Structure formats: C-alpha cells, structure tokens
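Asker: only the shape, not the letters, is given here:
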C-alpha cells in the first residue's frame, strides 16, 4: 500500500483522540446542543489534527437537494432581490434553499465557521452561496476538502481564480453613472462608496475615476468617501460632502440604499434634488422608483445574478466545470428624475 492509499481517519479515531464517545463526537460534528464548550473544542481539535472528512468527496447527483445561502444582512432590498433570484432558480431545479445571516457575536459556531462548514458536509449539502461576505482562504480550503461547492456573489475580498464568483460589470456601471453626470455639465461630482474592502465598490470607484480622467476633469480626494452600503453611511458621507467649502453639485452613490441617505442629507441641508444636487444610485432595487424624486441609478440584474449563482453552484456540485469562474452580468443606466444640469454649469 502506498502512502496515498492510507486509510481515511474515522469518527471512532476522532472520538478516541478527543477522549469522548463516538456518539458525542457525532453530536459535535452535527452541531447538536447540550455539549460542554470544552468537550466541543476537544472534538473539533481532534477533527482538525486528524484531517477527518465526513464525506467521500463531491455530493452525488441524487443528493443535490439542499443549498445553503449566507448573507451579511437581510435588512435591505438588495438581499431580498438576490434571494428572489436564488429561490426562482431553485424551483426549477427541485432544490431546497436554506438561509443564514452572519452573526458578529457568534462564538465559533455561526455561519462559515469551521464547525458550521463541517455540519453542512455531514448533512450532505450541495454547497454554499456566499453573498457580499468575506470568505477566507482557510474557509475555502476546508470546503474543498469536504467536497462542498461554493459560489461568491459580489465578494468583498479577491480569492484565487478557482473560486467561482458572480457579479455585475461594476467598472462599466461606474463609468456610465459618471459620464451621465458629466454630460449634464457637472464637474464637482462626489463618490459615496461602499466599504473599502468591497471589490464591487472598488470597481465602481475605478469606473468613476476613469470617466473623470477621460473627460479631463481632475480628481479630488475630498470628493471620494468610502463608508458602506447602507442608508446611514450614505447620509454620513453626503453630509461630509455638503459641509465642504466647495461642495459637489452631484453625488454618485455606491448603491441605492446609500443614495437614499444622500437624499436625506440634501433634505436636511435644505437642498432640492435635482435642482441643487443631482444624485445617482447603483442597483435599481424596488426602492429606486419609490423615492422622491424617483432615483436615477445604474441597474445591475440582481435577480438574474441570484439565478446564475444557484445554477453555477449545482453545476460545480455535479462535477462539471463552470463556463466561467468570474461571471459578470451587464449593467445599464436608468435615468429618472434625480439628476439634471447644475444650476450654473461649470466649464470643463
């Protein structure tokens, strides 16, 4: 027998290493309650030391029944539309979808923790869709070892080219939004972006900067802020812009939620949108048509992104290579009533 033919570690060996019964080791692996923290840690350490894998590799086709989706938050329209797309695709694939939200207060047992990943493998899940959430190399490697497929949607951090991701043409969308404002005559254009760690936000920022450069408009660091994809972040960034000695006449927000914060900042400062301040969002969620005035925004096909993410995950779980490891769906500008020419157009 060669070294590559060495027998795989068993649950009995894990139990012996941890000094517990096989039943207790199984309960830890499956996330059962009423296990002492010290016991749970010993079992998890034994699993790690022995390299125990509770599966024999990729899920078999007849077991492709359940997919887990992890969100950083569910309290926004983007997440709801993404889930809509995933569920729509699941109905046609005879797949059950389970949803989790990251818990910042979880103590090693929450979504994407090693214990959680092992439980998914033990329960025969087809894989995991991770939405707008950071996935570390250790988490990725553990999923691979356990035969769990994974697809990232709008990932926060770049990983190697073997990790499949689904997103939109964020750079192009940034260019489209900024060109629109430039075409109206704006030259002082603020960028209210997402968190600095977000790959999608960085791409939108690069599109914004590229459009300014192509128009011969010098960039201004005071007009670039990166806070987050939330109403509160948009409000805070916009108030900062509007307190500048030479404030912007337009703001390109990194998402619709933060664009709503920009609208609120304008209201608090007594500014009229779009007469005193033009605002462009990104996403074209359901909320964009309900604002006052209706929001000009860059449409990314969020529902389609959800559908593609699920189909791509199932394709991987069947052992098929995806058509592309980095899928980007097209964006397009939707002009509504939140943008117009500045009150006094400035020369380029």
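Answerer: Sure thing, it's come through. Bear in mind that the values here come from a model prediction, so they are computed numbers and not experimental data. Numbers count the residues shown, from 1 in each chain.
Asker: for the stretch 201-348 of the chain, give me the ranges with low pLDDT.
Answerer: Per-residue confidence of the stretch 201-348 of the chain (counting by pLDDT under 70) places the weak regions at 344-348.
Asker: quick one: the helices in it, in order.
Answerer: 231-242, 256-268, 302-317 (DSSP state H, counting those that start in this stretch).
Asker: would you turn those into CSV with mean neighbour count and distance to residue 100?
Answerer: (Each C-beta comes from the backbone N, C-alpha and C, glycine too.) What follows is the helices of the stretch 201-348 of the chain, written out as CSV (neighbours: other CB atoms under 10 Å; distance: least, CB to CB, whole Å):
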stretch, mean neighbour count, distance to residue 100
helix 231-242, 21, 24
helix 256-268, 23, 21
helix 302-317, 22, 15
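Asker: out of those helices, which comes closest to residue 287?
Answerer: Proximity to residue 287 (CB to CB) singles out helix 256-268 among the helices of the stretch 201-348 of the chain, at 5.6 Å.
Asker: would you turn the helices of the stretch 201-348 of the chain into CSV with distance to residue 220?
Answerer: As requested, the helices of the stretch 201-348 of the chain are exported to CSV (distance: least, CB to CB, whole Å):
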stretch, distance to residue 220
helix 231-242, 11
helix 256-268, 17
helix 302-317, 31
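Asker: who wins for proximity to residue 163 among the ones you listed?
Answerer: Once those are compared by CB to CB, helix 302-317 is nearest, at 10.6 Å.
Asker: what lies in contact with the closest one?
Answerer: 58-59, 64, 67, 78, 81-90, 93, 95, 97, 126-129, 149-151, 153-154, 164, 166-168, 283, 285, 322, 327, 329 (CB atoms under 8 Å, 6 or more residues apart in numbering).
Asker: contacts for stretch 74-88 next, please.
Answerer: For stretch 74-88, the surrounding residues in contact (CB under 8 Å, 6+ apart) are 67, 69, 71, 73, 97, 99, 101, 129, 131-132, 153, 229-230, 255-257, 283, 285-287, 302-307, 309-310.
Asker: what mean pLDDT would you report for it?
Answerer: This predicted structure assigns stretch 74-88 an average pLDDT of 93.
Asker: also stretch 164-180?
Answerer: Averaging pLDDT along stretch 164-180 yields 96.
Asker: tell me which of the helices of the stretch 201-348 of the chain lies nearest to residue 44.
Answerer: Set against residue 44 and scored by CB to CB, those come closest in helix 302-317, at 25.3 Å.
Asker: check the offset of the closest one from the chain's centre.
Answerer: Distance, stretch centre to chain centre, for helix 302-317: 14 Å (CA atoms, centre = their mean, to the nearest Å).
Asker: can you check stretch 187-202 too?
Answerer: Per CA atoms, centre = their mean, the centroid offset for stretch 187-202 relative to its chain is 15 Å.
Asker: give me the distance between the two termini of that stretch.
Answerer: From its first residue to its last, stretch 187-202 covers 21 Å (CA to CA, to the nearest Å).
Asker: returning to that earlier point: buried ones among the contacts of helix 302-317?
Answerer: Restricting those to buried positions leaves 58-59, 64, 67, 78, 81-83, 85-87, 89-90, 95, 97, 126-129, 149-151, 153-154, 164, 166-168, 283, 285, 322, 327, with burial counted as 16 or more other CB atoms under 10 Å.
Asker: which of those residues fall in strands?
Answerer: Those of those mapping onto strands are 67, 97, 127-129, 149-151, 153, 164, 166-168, 283, 327, per DSSP state E.
Asker: farthest-apart pair in those, please.
Answerer: With distances taken as CB to CB, the most widely separated pair in these is 149 and 283, at 26.7 Å.
Asker: okay, and the beta partners of residue 329?
Answerer: For residue 329, the residues forming beta bridges with it (DSSP bridges) are residue 168.
Asker: contacts only, for it.
Answerer: Taking CB under 8 Å, 6+ apart as the contact definition, residue 329 lies against 166, 167, 168, 169, 300, 301, 304, 305, 308.
Asker: one more pass at 10 Å, please.
Answerer: Listed by CB atoms under 10 Å, 6 or more residues apart in numbering, the contact partners of residue 329 are 166, 167, 168, 169, 300, 301, 302, 304, 305, 307, 308.
Asker: pick out the most distant pair among those.
Answerer: In terms of CB to CB, those reach their longest pairwise distance at 169 and 307, which sit 17.0 Å apart.
Asker: residue 251 is in contact with residue 276, correct?
Answerer: No - with contact defined as CB atoms under 10 Å, residue 276 and residue 251 do not form a contacting pair (11.5 Å).
Asker: shared neighbours of these two, anything?
Answerer: With contacts taken as CB under 10 Å, 6+ apart, the residues that reach both residue 276 and residue 251 are 242, 266.
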